[in-house]
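>>> After the sequence you'll find the predicted model.
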Amino acid sequence: MGVDLESLSEATSGAIGSLLSTTILYPLDTCKTRYQADVGAHGQQKYRNLLDVLQEAISTRQVLSLYQGLGTKNLQSFIAQFVYFYGYSYFKRLYLERSGAKRIGTKANLVLAAAAGACTALVTQPLDTASSRMQTSAFGKSKGLWKTLTEGTWSDAFDGLGISLLLTSNPAIQYTVFDQLKQRLLKGNGNKAGNSSSPEALSAFSAFLLGAISKSIATFMTYPAIRCKVMIQAADSDDDGTKKAQRKSKKTLPGVIYAIWRSEGVPGFFKGLHAQILKTVLSSALLLMIKEKISATTWVLILATRRYLLLTRGRLKSA
């Protein structure tokens, strides 16, 4: 079986879009992650709101530390989005070919998106864990990627994998909602699928708006699991002298749930929801907007590269 060029185009444009959006919004992501990971005893928390994180960075003259872990996050984001978009696009094409259906229903779309998300989580979990630990370590004291990954056991690099697999429902919900809204919008604009030699594209504003709506819905539905995952990954970054046994208990899902319930109650499971929605909605909307705008260019470049390679191969054979 040859390379699926349309899936490759989707994966490349999605990965580039993710790289750009992650870089632009990274300081906000760092503030969000540190705020989510903050759980103090008896409700005594270090950060009252998202701005407290920014004020700490400014007051300690560590503003540039808001970018600590950016390289790791970009690497994780690029690989994750490439794997996800390639898998998602490939699974959709395979489903249509095998089933003979003309379009993919909502249920099938959810399953395909979840399958692509599971593949992504397995491949990128160590990088995801490392980036979370870098973001939540003390300002100016973040360790490099290799040292962060090797300071514990190999299994520690996969902290939160179970929740990451559970959270495959997040992009599954997001991209299913996005695709359904996109199809309806394109249909309403009189565009017919399959009549163009290149993938259909939304306008920048439409892609941004649909990306924001779809990600808001997915984030709200999965947020308690998102916060638990951040706390599990950040548990080893605590600098408060907590006993090792207590840190170990915080790396389990029951331990994290109990810690949140004991110190914050039910509202604690939604602490930082506004920050998560702000960051992820902006990031997702930017990603999808960039992806939609460069997908046609990426498609043309891939076709041109393929044509060049075929011509080169033909010349070599005739020589």
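Structure received. Here the structure is a predicted model, which is why all the values come from computation and not from measurement.
>>> what helix or strand is Trp261 on?
helix 253-264 (DSSP states H and E).
>>> Determine how far whichever helix or strand comes after that helix lies from the middle of the whole chain.
Later in the chain than helix 253-264, the nearest helix or strand by DSSP H and E is helix 273-318. Remark: helix 273-318 is offset 17 Å from the chain centroid, using CA atoms, centre = their mean, to the nearest Å.
>>> hmm, who's touching stretch 204-213?
Stretch 204-213 is contacted by residues 177-178, 181-182, 185, 201-202, 281-282, 284-289, 291-293 when judged by CB atoms under 8 Å, 6 or more residues apart in numbering. From N, CA and C alone the C-beta is placed, and that goes for glycine too.
>>> again, 10 Å this time
17, 21, 174-175, 177-182, 184-186, 189, 201-203, 277, 280-293, 295 (CB atoms under 10 Å, 6 or more residues apart in numbering).
>>> Can I have the buried ones of the residues you listed as a PyMOL selection?
PyMOL command restricting the contacts of stretch 204-213 to the buried ones, with burial defined by 16 or more other CB atoms under 10 Å:
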select buried, resi 17+21+174+175+177+178+179+180+181+182+185+186+201+202+277+280+281+282+283+284+285+286+287+288+289+290+291+292+293+295
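>>> Run a quick neighbour tally on the nearest residue to Asp128 once chain neighbours are set aside.
Of all residues beyond its chain neighbours, the one nearest Asp128 is Gln76 (5.5 Å), with distances taken as CB to CB, 6 or more residues apart in numbering. Neighbouring residues of Gln76 were enumerated by other CB atoms under 10 Å; the total is 24.
>>> and Gln76, what element?
Going by DSSP H and E, Gln76 is part of helix 70-99.
>>> Which other helices and strands does that helix contact?
Contacts defined by 3 or more CB pairs under 10 Å, 6 or more residues apart in numbering; DSSP states H and E place helix 70-99 against helix 5-37, helix 106-136, helix 145-150, helix 169-188, helix 273-318.
>>> Turn those helices into a markdown table, columns for mean pLDDT.
Formatted as a markdown table, the helices and strands packed on helix 70-99 follow (pLDDT from 0 to 100):
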| stretch | mean pLDDT |
| --- | --- |
| helix 5-37 | 83 |
| helix 106-136 | 87 |
| helix 145-150 | 79 |
| helix 169-188 | 81 |
| helix 273-318 | 78 |
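>>> Quick check: which of those is nearest to Asp156?
helix 106-136 (7.6 Å; CB to CB).
>>> got the buried residues for that closest one?
The neighbour-count check on helix 106-136 (16+ other CB under 10 Å) flags 108-110, 112-114, 116-121, 123-136 as buried.
>>> Tell me what angle that helix forms with helix 5-37.
Angle between the axes of helix 106-136 and helix 5-37 is 50 degrees (criterion: axes from the mean of the first three to the mean of the last three CA atoms, to 10 degrees).
>>> list the helices and strands helix 106-136 packs on?
Judged by 3+ CB pairs under 10 Å, 6+ apart, the packing partners of helix 106-136 are helix 5-37, helix 70-99, helix 145-150, helix 161-166, helix 169-188, helix 204-234.
>>> Would you mind giving the ones you listed as JSON lines with distance to Trp299 added?
JSON lines is the format used below for these (distance: least, CB to CB, whole Å):
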{"stretch": "helix 5-37", "distance to Trp299": "5"}
{"stretch": "helix 70-99", "distance to Trp299": "12"}
{"stretch": "helix 145-150", "distance to Trp299": "33"}
{"stretch": "helix 161-166", "distance to Trp299": "31"}
{"stretch": "helix 169-188", "distance to Trp299": "17"}
{"stretch": "helix 204-234", "distance to Trp299": "16"}
